[in-house]
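Q: predicted structure and sequence below. I'll ask about it afterward.
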Amino acid sequence: ILFPPKLPDAYAIWMGKLLSEEEFRFRYGVDEVHFSDKIADVLKSKDPSALLTLYGKNTDSDKYSQEAVFEGIGTFKVNNAVLHPEITECRVFKSDKELAVLRYINRISSEAHKAVMKNMQPGMYEYQAESVFKNHCQYMGGARAQSYTCICASGDNASVLHYGHAGAPNSKQINDGDMCLFDMGGEYYCYASDITCSFPCNG
């Protein structure tokens, strides 16, 4: 069952046509769709023995996931211990379709890195290399998102871990003789690539 939010009609001015419950059901291939303002009533009609909510520690960030809540959840028996380890285990295994998507976005990202190398020349700025990468991912692969902030480090910037963030925004001019260390990966439908390569800017 999918419970999308029920948005005011005025949102259509900014977002375009708002989907109906049936349109949501068709788009996401689920059995049932009800707007989130009906979640308590719908779940009560199912008479569940318990609701499983996702709560657990992310071992990469050491942060805990935010547990789902809704008006009326207090009337249900809630178990927040079962789901997280099961979801974590499921993520280890990929279906053939998931593997196909991962191969696709890794191929697009690899080609994007090659496009950067082909266009690279001394005098360019790091952000220009970043733009070549992003453009290729989106134009050739339909990948509008990136897996993480692009790292386009040249010269001594390559010694900075996770260079490319707001405090070091891929802004250096690339000088003749500089080595480039570029860590960039496109994301497609929440499946991420992560590719790092090093090469001299002058070939």
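A: Nice, thanks for sending it over.
Q: quick check: longest helix of the chain.
A: In the chain, with assignment by DSSP state H, the single longest helix is helix 96-119.
Q: need the contact partners of it.
A: 94, 129, 132-134, 136-137, 140-141, 143, 182, 184-189, 191-193, 195, 197, 199 (CB atoms under 8 Å, 6 or more residues apart in numbering). Bear in mind the C-beta positions are built from the backbone N, C-alpha and C, glycine included.
Q: mind running it again at 6 Å?
A: Contacts of helix 96-119 with the rest of the structure, by CB atoms under 6 Å, 6 or more residues apart in numbering, involve 129, 132-133, 136-137, 141, 143, 185-186, 188, 191, 193, 195, 197, 199.
Q: what about it, average pLDDT?
A: The pLDDT scores in helix 96-119 average 98.
Q: how about that helix: buried residues?
A: For helix 96-119, the buried set under the neighbour-count rule, 16 or more other CB atoms under 10 Å, comprises 104-106, 108-109, 112-113, 115-117.
Q: leaving out the residues flanking it, which one is nearest to L18?
A: Spatially, and ignoring its direct neighbours in sequence, L18 is nearest to A12 (5.2 Å; CB to CB, 6 or more residues apart in numbering).
Q: for the one you found, what is the enclosing helix or strand?
A: For A12, the enclosing helix or strand under DSSP states H and E is helix 12-15.
Q: which helices and strands does the next helix or strand after that helix pack with?
A: Tracing the chain past helix 12-15, the next element assigned as helix or strand by DSSP H and E is helix 21-28. Helix 21-28 makes packing contacts with no helix or strand when contacts are defined by 3 or more CB pairs under 6 Å, 6 or more residues apart in numbering; DSSP states H and E.
Q: got a list of contacts for helix 21-28?
A: Counting contacts by CB under 6 Å, 6+ apart, the residues outside helix 21-28 that touch it are 2, 4, 33.
Q: does C152 count as helix, strand or coil?
A: Taking DSSP: H, G, I helix; E, B strand; the rest coil as the rule, one finds C152 in the strand state.
Q: which residues touch stretch 154-167?
A: Counting by CB under 6 Å, 6+ apart, stretch 154-167 makes contact with 126, 149-151, 153, 170, 172, 174, 178, 180-181, all of which sit outside it.
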